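Peer 1: when you get a sec, could you give me coordinates for this:
(2 chains, ligands or ions: 2)
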Amino acid sequence: MSEAMDITVTVNGEVFQKTIEPRLLLSDFIRHELNLSGTHVGCEHGVCGACTILFDGMPVRSCLMFAVQADGHEIRTVEDLGTMENLHPLQEAFQEAHALQCGFCTSGFLMSILPVLEGTTDLSEEDLKRAMEGNLCRCTGYQHIRDAVQLAAEKMSSGSES
Amino acid sequence: MMAKLIGKRITRNEDPRLLTGQALFVDDVELPGMLHAAFLRSEYAHAKLKGIDLSAALERPGVVAAFTAEDMGDDWAPGPPLVIPPPTIEDVEFYTRTQVPLVKDKVRHAGEPLAIVIADSRYIAEDALDDIVVDLEPLDVVTNIERALEPDSPLVHDDLESNLAAHLVQEKGDYAAIRESADKVIKRRIVIERGIAGAMENRGIVASWDNKQQQLTVWDTTQSPIPIRNGLASMFGLSEHQVRVIAPFVGGGFGPKIMMFYPEEVLLTWSTLKMGKPIKWIEDRRENFYATTQERGQIHDVELALTNDGRILGMRDDFLHDTGAYDPYGLTIPLNTQCHALGPYDIPNFSSDLKVVFTNKTLTTPVRGAGRPQGVFVIERMLDIAAKELGIDRAEIRKRNYLPRDVFPYDNLIIDQAFSSFVIDSGDYLPAMEKALKLIDYEKFTQEEQPKLREEGRRVGIGVVSFIETTGVGPYEGARVTIESSGKVNTATGVGTQGQGHFTTFAQIVAEQLGVDVRDVHLVTGDTAQFHWGTGTFASRGAVVAANAVNAAASIVRGKVLKLASELLDTPEEELELEDGVVRVADIPTQFISLGDLAQRSNPLRGAVEPGTEPGLEATAYFGPKYGATAFGTHAMIVEVDPETMMVEIKRYIVVEDCGTVLNPLIVEGQLHGGVALGIGNSFYEKLVFDDNGQLLNASFADYLIPTAAEIPTIEIAHQVTPSPLNPLGSKGVGEAGAIPVPALFAQAVENALGVDGLEILESPLSPQRLFELFHGEEKDA
Ligand code: FES
Ligand code: FES
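Peer 2: Ligands and ions are numbered 1, 2, ... in the order given. Just a heads-up that it's a prediction; the model follows:
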């Protein structure tokens, strides 16, 4: 075990300074050091996508990174989207289309899809598939998630979100 | 009752919490001073344990404790058997051998826990596992169920004479006699291998003993918090009221999170009782592959006796079922297989010899489908072969054998998984088949499109299969409905929830009875401090058993509301209506009283509660069906196989489902989509591969493939409604229905697509590689 390190990382707009072990996974850092437990961990080997967060705007699997790699970077997690009373259009679409059952995979899907829709709401079938196929869901069979992404694209293109 | 809410596509009450990351899952529980556990697991599948030395682990900074089986002293005991056949079942041999908390004498499957380490952090606990010195003497391993029954096979349990865990013969009519007079007897061997449930959330437990309050709290990813509470209390000599088990949001169940009394559930509880500190254990994915129960794994020798015009005269299905190293779940899976092998068909003569076999592999317990997919695979494949050999169309042979709609309730004269008579409550199979054929355009595809595509060299095929699903078995569930003084309604039930939408469907039932907004019905599930009678979420029983209990409780509360309002408004009950959270006099909108006011009035601070009455607008009720409600349906699909890569593309997938009264179509569709997706995984992508040493060769999501959005097609769903006569809502379960017929359907469609004479698919799961072998006529190496 090597020496603890100091890191400064911006998460959901807030700056955190922490002293951590270099081997601490970013997923564990987010969940257990920052108590942002909306990011989930399903495999810890980079396949399921449940732990997806935005790292400088890009979706990454937080179980495949060490927290120290986030030093000086900016992270967004599901907690940065809407609130229970005021859902983000993407979250709204997920509820309307019944795109979640147990909800364990959901934040990973939201964070994978969000940057795609923020880039363009004009998605081809192929784009849609590509946006989703990196995340596993055992409950929904994906169909309602597909519906939700399409619905979200409509919502987001009609300007409720810039 | 006017159906205003039941049957509506209502979005879910629970979603905002889940969508914003505010829902509590077990790994989100953080308690002050909490310690973390890790388990040392055996790498051998079969080995004698000669010694464990924990000293180096205990010296590692941050390690607080470590224990072996010896340290548990008298508290060490094998887990309770969960479903033992009652002595009323004739001639059943059954040898109960249940899992142990930590290995004491010998290891029986890879991944069995040898020691627990408890430390300040999970990282340190896992580091310390490497410090432990274990002396294991490897023994010969048996993984194959046929081999396991040979006289010279290694024994999984040395005190038994063989690896036979159970033996049961079920018969109806006289198969041997009818076989002699049949025009045609078809005989095949069918092999079905194992897969995992693959819930996205692994298992997890937080156990916390508070010595001052003398109270044990356990957060557990279980489908059955109440049996777990009762079991832990009795194991550790506590009163049931000293134990609170909470199944918070659970990230998928699908069977293995049932009331298993997994070693980890016992160990975490035992450790916190000993240490007085909260302890957390979260399974990792690799552990999930070895230590969480699995399913399927059977070999069938089947015969079907028919007339020349395709009428089934009888069936013999002798099969072996792999229970793994222990058998806490009794005969549930293979009894389901036996019953579902009869399918929706009239099979007057039936004989089935079942042997359950111990092997050096992880335990099997029900996984979504629970033995039913195997039974369906057997009968449907046999019918396909019969159709081919007799020159009858596949759909037609099924139609000729359906039980007619006027025979229900129909007693199949064998026992089912509940050890009661296998009675089908209701059914109407032909229209479901007709609908599926129409939706997929069976005629046109087989007569016009397929021949044309064949000519172009394309390997496109169609499949159509029928199935039944016994659902909603007893014993019972309960619910308590309370109108609070805010006018909102609290509903508590004992079943846990793993994504089935109980927060919404149960709320719909209550809201309909009481005339309130669905969003104003708050549901508490899976917390034994809130409701402590019941069994759990399994066997597709939530929408049947628990929902009817909720309905019963809500209807009693409705009666109380009407009675009180009638007095206060001075109006006969018949003239009152419940709507928008108030009770109003019909046709006089200004005369009303709100439910909140009524709730307050029913709980007076002054004055007395009259004798024979109770305070509050509250009721608790139970529902226990005599036997289960049987759902059914037909699935159809069109596939194309790429002859180069043997990849299968699903071009269309049709579900015609009859699950009785649909409480919420949005949620039912979601359940069906998920079931079909799991079924597709089961059919083509997901197979656990054990080597001869009992090592799992694909214990990661990189090697064991769960289908992604790219593999799952759009699923077209049509409903048919034959309400169950057994419960007031008329509902049947639907949680497993999606998954059950898929492997049989997939095999049929792919076989049809390949269109090679003599090529029969008699196994599941398939894979591109296996299809390639079959296609090129190569024998699978043993
Ligand atoms: S937990 Fe990170 S990809 Fe599965
Ligand atoms: S909703 Fe349960 S895993 Fe996706």
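Peer 1: would you say residue B:630 is within a helix?
Peer 2: No - according to DSSP: H, G, I helix; E, B strand; the rest coil, residue B:630 belongs to no helix; its state is strand.
Peer 1: can you tell me how far the nearest residue to it once chain neighbours are set aside sits from residue B:471?
Peer 2: Counting by Cβ to Cβ, 6 or more residues apart in numbering or on different chains, the nearest residue to residue B:630 once its immediate chain neighbours are dropped is residue B:424, at 4.6 Å. Where you see a C-beta, it was placed from the backbone N, CA and C, and this is true even at glycine. According to Cβ to Cβ, to the nearest Å, residue B:424 and residue B:471 sit 11 Å apart.
Peer 1: low-confidence ranges in the chain?
Peer 2: No chain specified, so I'll use chain A. For chain A, the stretches with pLDDT under 70 are A:1-2, A:159-162.
Peer 1: wait, I meant chain B there
Peer 2: Low-confidence segments of chain B, defined by pLDDT under 70: B:1-3, B:83-89, B:472-474, B:536-543, B:605-612, B:735, B:778-782.
Peer 1: the residue in the stretch 351-500 of chain B positioned nearest to ligand 1: neighbouring residues, count only.
Peer 2: Here the stretch 351-500 of chain B gets closest to ligand 1 at one residue, residue B:499, 17.9 Å apart by Cβ to the nearest ligand atom. Other residues near residue B:499 come to 30 when the count uses other Cβ atoms under 10 Å in any protein chain shown.
Peer 1: I'd guessed it sits against residue A:102; true?
Peer 2: Yes - counting by Cβ atoms under 8 Å, residue B:499 touches residue A:102, with 3.1 Å between them.
Peer 1: overlap in contacts of the two?
Peer 2: Common contacts of residue B:499 and residue A:102 (Cβ atoms under 8 Å, 6 or more residues apart in numbering or on different chains): A:139, B:250-253.
Peer 1: now for these, which pair is the farthest apart?
Peer 2: A:139 and B:250 (11.1 Å; Cβ to Cβ).
Peer 1: at the geometric centre of chain A, which residue do we find?
Peer 2: By Cα atoms, centre = their mean, the mean C-alpha position of chain A lies nearest to residue A:111, the distance being 2.8 Å.
Peer 1: show me the contacts for that residue.
Peer 2: Applying Cβ under 8 Å, 6+ apart to residue A:111 gives the contacts A:52-54, A:59, A:76-78.
Peer 1: against chain B, how distant is it?
Peer 2: Taking Cβ to the nearest Cβ, to the nearest Å as the measure, residue A:111 falls 10 Å from chain B.
Peer 1: give me the phi and psi for that residue.
Peer 2: Main-chain torsions, residue A:111, degrees, to the nearest 10: phi -80, psi -20.
Peer 1: tell me how far the nearest residue to it once chain neighbours are set aside lies from residue A:23.
Peer 2: Nearest non-adjacent residue to residue A:111, counting by Cβ to Cβ, 6+ apart: residue A:52, 4.5 Å away. From residue A:52 across to residue A:23, the span is 21 Å (Cβ to Cβ).
Peer 1: neighbour-wise, which of these two wins?
Peer 2: residue A:52 (28 against 13).
Peer 1: returning to that earlier point: who does the residue nearest to residue A:111 form a beta bridge with?
Peer 2: Beta-bridge partners recorded for residue A:52 (DSSP bridges): residue A:61.
Peer 1: what sits against it?
Peer 2: Contacts of residue A:52 (Cβ under 8 Å, 6+ apart): A:39, A:59-62, A:107-109, A:111-112, A:134-135.
Peer 1: go on, residue B:120?
Peer 2: By Cβ under 8 Å, 6+ apart, the contact list for residue B:120 reads B:35-36, B:62-64.
Peer 1: name the nearest residue to the closest residue to chain A within chain B, sequence neighbours excluded.
Peer 2: Closest contact between chain B and chain A, by Cβ to the nearest Cβ, is at residue B:21 (1.7 Å). Leaving out its chain neighbours, the residue that sits closest to residue B:21 by Cβ to Cβ, 6+ apart is residue A:38, at 1.7 Å.
Peer 1: can you show me the strands along chain A?
Peer 2: For chain A, the strands defined by DSSP state E cover A:5-11, A:14-20, A:52-55, A:58-61, A:74-76.
Peer 1: ligand 2 is nearest to which of the ones you listed?
Peer 2: strand A:52-55 (12.8 Å).
Peer 1: what's the burial count for residue B:700?
Peer 2: 15.
Peer 1: that one is in contact with residue B:289, isn't it?
Peer 2: Yes - here residue B:700 reaches residue B:289: they are 7.3 Å apart, a contact under Cβ under 8 Å.
Peer 1: residues of chain A that sit close to ligand 1?
Peer 2: Applying Cβ under 6 Å from any ligand atom, we find that chain A lies next to ligand 1 at A:41-44, A:46-51, A:61, A:63.
Peer 1: as CSV, those residues with distance to ligand 2 would be great.
Peer 2: Formatted as CSV, the residues of chain A next to ligand 1 follow (distance: Cβ to the nearest ligand atom, whole Å):
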residue, distance to ligand 2
A:41, 13
A:42, 8
A:43, 12
A:44, 16
A:46, 17
A:47, 13
A:48, 9
A:49, 10
A:50, 8
A:51, 13
A:61, 16
A:63, 16
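Peer 1: using a markdown table, lay out these together with neighbour count and distance to residue B:117.
Peer 2: Formatted as a markdown table, the residues of chain A next to ligand 1 follow (neighbours: other Cβ atoms under 10 Å in any protein chain shown; distance: Cβ to Cβ, whole Å):
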| residue | neighbour count | distance to residue B:117 |
| --- | --- | --- |
| A:41 | 25 | 20 |
| A:42 | 28 | 24 |
| A:43 | 23 | 23 |
| A:44 | 22 | 19 |
| A:46 | 17 | 26 |
| A:47 | 23 | 27 |
| A:48 | 27 | 26 |
| A:49 | 27 | 30 |
| A:50 | 28 | 26 |
| A:51 | 28 | 25 |
| A:61 | 25 | 28 |
| A:63 | 23 | 22 |
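Peer 1: how is the chain partitioned into domains?
Peer 2: Here I'm looking at chain A. Listed domain ranges for chain A are A:5-80, A:89-157 (source: automatic domain parsing).
Peer 1: if you could check chain B rather than the one you did, that'd help
Peer 2: Domain assignment of chain B by automatic domain parsing yields the ranges B:15-22+B:474-623, B:35-152, B:200-291, B:426-472+B:630-782.
Peer 1: those: which one's closest to residue B:350?
Peer 2: The closest of the domains of chain B to residue B:350 is domain B:426-472+B:630-782. By Cβ to Cβ, the value is 14.8 Å.
Peer 1: that closest one and ligand 1 in contact?
Peer 2: No - using Cβ under 6 Å from any ligand atom, domain B:426-472+B:630-782 stays clear of ligand 1, coming no nearer than 7.2 Å.
Peer 1: residue B:730 - how many residues pack around it?
Peer 2: 21.
Peer 1: how close does the nearest residue to it once chain neighbours are set aside sit to residue B:430?
Peer 2: Nearest residue to residue B:730 in three dimensions, chain neighbours excluded: residue B:723, at 2.9 Å (Cβ to Cβ, 6+ apart). In this view, residue B:723 and residue B:430 are 18 Å apart by Cβ to Cβ.
Peer 1: and if you look at residue B:440?
Peer 2: For residue B:440, the distance to residue B:430 (Cβ to Cβ) stands at 16 Å.
Peer 1: higher neighbour count, those two?
Peer 2: Shown here are residue B:440 and residue B:430; by other Cβ under 10 Å, residue B:440 has more neighbours (24 against 17).
Peer 1: regarding the spatially closest residue to the more buried one that is not a sequence neighbour, what is its secondary structure?
Peer 2: Spatial nearest neighbour of residue B:440, chain neighbours left out: residue B:636 (4.3 Å); criterion: Cβ to Cβ, 6+ apart. Secondary structure state of residue B:636, per three-state DSSP, is strand.
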